[in-house]
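Asker: sequence first, then the predicted structure:
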Amino acid sequence: MDKGFEKLVSTKINSSAEYNNFINALASTKEDNTLVCFLGAGTSISQGYKNWNGYVQDLIQYWKTHLQDLLGQDSFYSSVQATDISFLDWLNDRSGYSNKRKLDMVHHMIKKYCRSKSLDHKLEEKTKYLEHVNDFEKYYFLEINPIKKTNEIIDQVLNLSAIFITTNYDNQIEKAYEKTFQSHPSTLTDINALDNIDKLADKSILHMHGTPVTPGVLLVSSSNSYNQLYLNNNAKKKIETQLIKQNTHVLLFIGSSLQEEEVLTLFSSDSLN
């Protein structure tokens, strides 16, 4: 086992026997590609990306100064209303709403300024909304270089024979892969891509909550989008089915919080026993 990877696994809580069992379980997956590595927000935070609270705060600040970008010649509104700017200030500082609900409200405001005077306004509004709703994420996760260009955690886990699942919006796994292997990885941009997949190849990357790389896809971040994925889209069944196809018997979580209830419920299947 790579010495650098060993540093990622704490032995302060687990006994030496538990640690050795963990290493042996990882080693047992090398030959048959039965390891799934789940990378959470902690892996991105190590490069200087904001945590969940910071992301939502920055997103609200972004839309305070970019709502006017949604306006055009056929827009229903000729200018941004001052009351909406005040509302965003209140939402960010004093609302008391959860982050998911805050994002619901921001998305609703984006829809408002995508409104058109056209007779066929509903289709135009939807098209414009999907074109712009991820503007902040494109800017923050794709156009701005992180504070640390190298992600030591990702560099180490890429040495494993594994399938990588992430809820992160950034493309740092892909960048590390391209740097290491001088080629492009097999990337699935949202969970619906599993519908047409049999067995994923070694080091395939699944962006379970979407990625701003794909235009017109609503990222999973708001209450509405979480409900669509976890309640209406049967994400649990999709994940369970894929884990069976992969013959997965080891799941490795890195940088994932135990507070991510929706995500953790996906991996509570009896099929992994």
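Answerer: Received, thanks.
Asker: contacts, neighbours, all on C-alpha from now
Answerer: Will do.
Asker: phi, psi of residue 205?
Answerer: phi -120, psi 120 (degrees, to the nearest 10).
Asker: measure it to residue 152 for me?
Answerer: 17 Å (CA to CA, to the nearest Å).
Asker: looking at those two, which one has more neighbours?
Answerer: Comparing residue 205 with residue 152 by neighbour count (other CA atoms under 10 Å), the higher total belongs to residue 205, at 23 against 16.
Asker: you'd agree that one is up against residue 187?
Answerer: Yes: counting by CA atoms under 8 Å, residue 205 does reach residue 187; the two are 4.7 Å apart.
Asker: can you give me the strands in the stretch 1-150 of the chain?
Answerer: In the stretch 1-150 of the chain, the segments counted as strands under DSSP state E, counting those that start in this stretch are 35-39.
Asker: tell me, how many residues neighbour residue 16?
Answerer: 11.
Asker: and it, what pLDDT?
Answerer: You'll see residue 16 listed with a pLDDT of 75.
Asker: what's the answer for residue 1, then?
Answerer: 49.
Asker: repeat that for residue 13.
Answerer: Reading off the model, residue 13 has pLDDT 59.
Asker: and residue 259, by the same measure?
Answerer: With respect to pLDDT, residue 259 has a value of 59.
Asker: below-threshold pLDDT in the protein: ranges please.
Answerer: 1-14, 233, 257-261, 264, 267-273 (pLDDT under 70).
Asker: tell me the domain ranges of it?
Answerer: Here the domain parsing of the chain from automatic domain parsing is 3-49+149-272, 52-142.
Asker: hang on, residue 40 packs against residue 166?
Answerer: Yes: using CA under 8 Å, residue 40 is in contact with residue 166, at 5.9 Å.
Asker: okay, those two: which has more neighbours?
Answerer: Taking other CA under 10 Å, residue 40 and residue 166 do not tie; residue 166 has more neighbours (24 against 19).
Asker: what sits against the closest residue to residue 177 other than its chain neighbours?
Answerer: In this structure, residue 177 finds its nearest non-sequential neighbour in residue 185, 6.6 Å apart by CA to CA, 6 or more residues apart in numbering. Residues in contact with residue 185 (CA atoms under 8 Å, 6 or more residues apart in numbering) are 174, 177, 178, 203, 204, 205.
Asker: go with 10 Å
Answerer: 173, 174, 175, 176, 177, 178, 201, 202, 203, 204, 205 (CA atoms under 10 Å, 6 or more residues apart in numbering).
Asker: can you check residue 238 too?
Answerer: Taking CA under 10 Å, 6+ apart, one finds 191, 192, 193, 194, 195, 266 in contact with residue 238.
Asker: hmm, back to that, need the overlap of contacts for residue 205 and residue 187.
Answerer: Shared contacts of residue 205 and residue 187 (CA under 10 Å, 6+ apart): 164, 173, 174.
Asker: right, and the second one touches residue 156 too?
Answerer: To tie it back to what came earlier, the one meant is residue 173. No: under the criterion of CA atoms under 10 Å, residue 173 is not in contact with residue 156, lying 11.1 Å apart.
Asker: between these two, which one's more packed in?
Answerer: Ranked by neighbour count (other CA under 10 Å), residue 173 and residue 156 place residue 173 first, with 24 against 16.
Asker: ok, for that one, nearest residue in space, not its chain neighbours?
Answerer: Residue 173 sits nearest to residue 154 (CA to CA, 6+ apart), 6.4 Å away.
Asker: could you look up the SS state of the one you found?
Answerer: Assigned by DSSP: H, G, I helix; E, B strand; the rest coil, the conformation of residue 154 is helix.
Asker: can you give me the helices in the stretch 101-250 of the chain?
Answerer: 121-132, 135-137, 152-157, 172-181, 223-227, 235-246 (DSSP state H, counting those that start in this stretch).
Asker: buried set for the first one?
Answerer: Looking back up the chat, that one is helix 121-132. Within helix 121-132, the residues that count as buried by 16 or more other CA atoms under 10 Å are 121, 125, 128, 129, 130, 131, 132.
Asker: Throw those residues into TSV and include distance to residue 78, thanks.
Answerer: Below are the buried residues of helix 121-132 laid out as TSV (distance: CA to CA, whole Å):
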residue	distance to residue 78
121	16
125	15
128	16
129	17
130	21
131	20
132	18
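Asker: ok, so of those residues, who is nearest residue 93?
Answerer: Proximity of the buried residues of helix 121-132 to residue 93 was ranked by CA to CA; the top entry is residue 132 with 24.2 Å.
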